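Enquirer: Any chance you can model this:
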Amino acid sequence: MPKQITTIITHPHFQADTLAALAILAYFGEQKYPGIGEAAIKFTAELPAGQTGDQLEQAGTLALDMGHGRFDHHRGDRTQEKNCLTDLVISDLGLSGNPAVQKIRQWARRDDLEGKGTVSADTLDRAFGLSGLIQNLNRRYKDDPVRIVQIALPVLEAHLWEEDMRHTSFPEEYKSLKETGQVEELTVFQGKKLIKISAIESDTSGLVGYARANGKIKADVIIQKLSSGHVNIITNQSREVDLNYLVAILRIEEARKKRIPFDAIPKRELTAKGKVAGIEEWYFDTAANSIQNGGIRPESAPATNLTLEEVKKAVIIGLDPLAAQEAYSKFF
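Expert: Below is the predicted model:
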């Protein structure tokens, strides 16, 4: 039977590698190391005198990166010399083939073995890159390393959760929704650019990112209808999809449903960023290149009066400038 882990001991000065290993153990390690996610973390420069890592583990204490044990990549063993602590943890937990840990592993290796933290030359990227922020935390809380864990670990566990969902739950849900007709994949040309569209009926916010990033889907535009009736339209910003005609058409059709006289809406308002008085349902976010009907948490935002089919029709027409001008010539 696995031994219950009540305590983790490690060095007090944190590196990206140590925090990545702790996050992986907390997120994936419960089966092999029961209690690991809730274990207290204590800090010391070396193991207690006269005790080995194996002896400590039998007593419920797991040593990380010290004591020449299973999780010490400094022990001088040739098999360990090209590994960082995160590599050892991933191998020990049998996660080497799990895609959810590959990005955090690459980050830890780059930081620990190559001595590179944030490689971007952009000053903001460097200021707010996680490797640099960890060093800031080490300096700011040098006498309170627990505080560093409390700040950094939830960030890394959130990354692991997202990656785990993206490679397991999201593909399964997307496939299931497609089989039940709650996902429809469409295409339209915007000029010479082929735009891939995925229309999804689900409250799962992560499906948007999955539909954009998945190599087989690669959606440029995602229409997501929530159970509340709200419908949001999100794009892959790198594709620079033009939404100006689309937001105008959505506002025109919304006004039609609400019986608002069209002469009450100046033409310039049809493509205005933000909200338009009278047709507040559609918020044009030009910074994120999206059209939001309340976002993923609509709260008090009114749901659109348009059906999903009407929204999809508007998207097909609105992304094609020629079709938009032909269908709505009196407005453009």
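Enquirer: How about the helix or strand Leu124 falls within, which residues are buried there?
Expert: Assigned by DSSP states H and E, Leu124 falls within helix 123-128. For helix 123-128, the buried set under the neighbour-count rule, 16 or more other C-beta atoms under 10 Å, is empty. Where C-beta positions appear, they are placed from N, C-alpha and C, glycine not excepted.
Enquirer: after it, next one along is what?
Expert: Counting by DSSP H and E, what follows helix 123-128 is helix 130-140.
Enquirer: Go through that following helix and flag the buried ones.
Expert: Leu130, Ser131, Leu133, Ile134, Leu137.
Enquirer: what about the helices in the stretch 151-300 of the chain?
Expert: Assigned by DSSP state H, counting those that start in this stretch, the stretch 151-300 of the chain shows helices spanning 169-179, 206-213, 244-257, 267-270.
Enquirer: okay, those in CSV with mean neighbour count and distance to Leu113 next?
Expert: Shown next, in CSV, are the helices of the stretch 151-300 of the chain (neighbours: other C-beta atoms under 10 Å; distance: least, C-beta to C-beta, whole Å):
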stretch, mean neighbour count, distance to Leu113
helix 169-179, 15, 31
helix 206-213, 20, 27
helix 244-257, 22, 47
helix 267-270, 14, 55
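Enquirer: Out of those, which is closest to Ser300?
Expert: helix 244-257 (17.3 Å; C-beta to C-beta).
Enquirer: what's that closest one packed up against?
Expert: helix 267-270, strand 279-285, strand 290-292, helix 308-318, helix 321-327 (3 or more C-beta pairs under 8 Å, 6 or more residues apart in numbering; DSSP states H and E).
Enquirer: Buried deepest among the ones you listed, which one?
Expert: Scoring these by mean neighbour count under mean count of other C-beta atoms under 10 Å gives strand 290-292 as the most buried, with a mean of 22.
Enquirer: Show me the contact partners of it.
Expert: Asn232, Ile233, Ile234, Thr235, Leu243, Leu246, Val247, Leu250, Trp282, Tyr283, Phe284, Asp285 (C-beta atoms under 8 Å, 6 or more residues apart in numbering).
Enquirer: Turn the residues you listed into CSV, columns for pLDDT and distance to Lys216.
Expert: Shown next, in CSV, are those (pLDDT from 0 to 100; distance: C-beta to C-beta, whole Å):
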residue, pLDDT, distance to Lys216
Asn232, 98, 23
Ile233, 98, 21
Ile234, 98, 19
Thr235, 98, 19
Leu243, 98, 25
Leu246, 98, 25
Val247, 97, 29
Leu250, 97, 29
Trp282, 97, 30
Tyr283, 97, 31
Phe284, 97, 30
Asp285, 97, 28
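Enquirer: Out of those, flag the one nearest to Leu47.
Expert: Ile234 (50.9 Å).
Enquirer: one step back: determine which two of the buried residues of helix 130-140 are furthest apart.
Expert: Farthest apart among those by C-beta to C-beta are Ser131 and Leu137. That separation is 10.9 Å.
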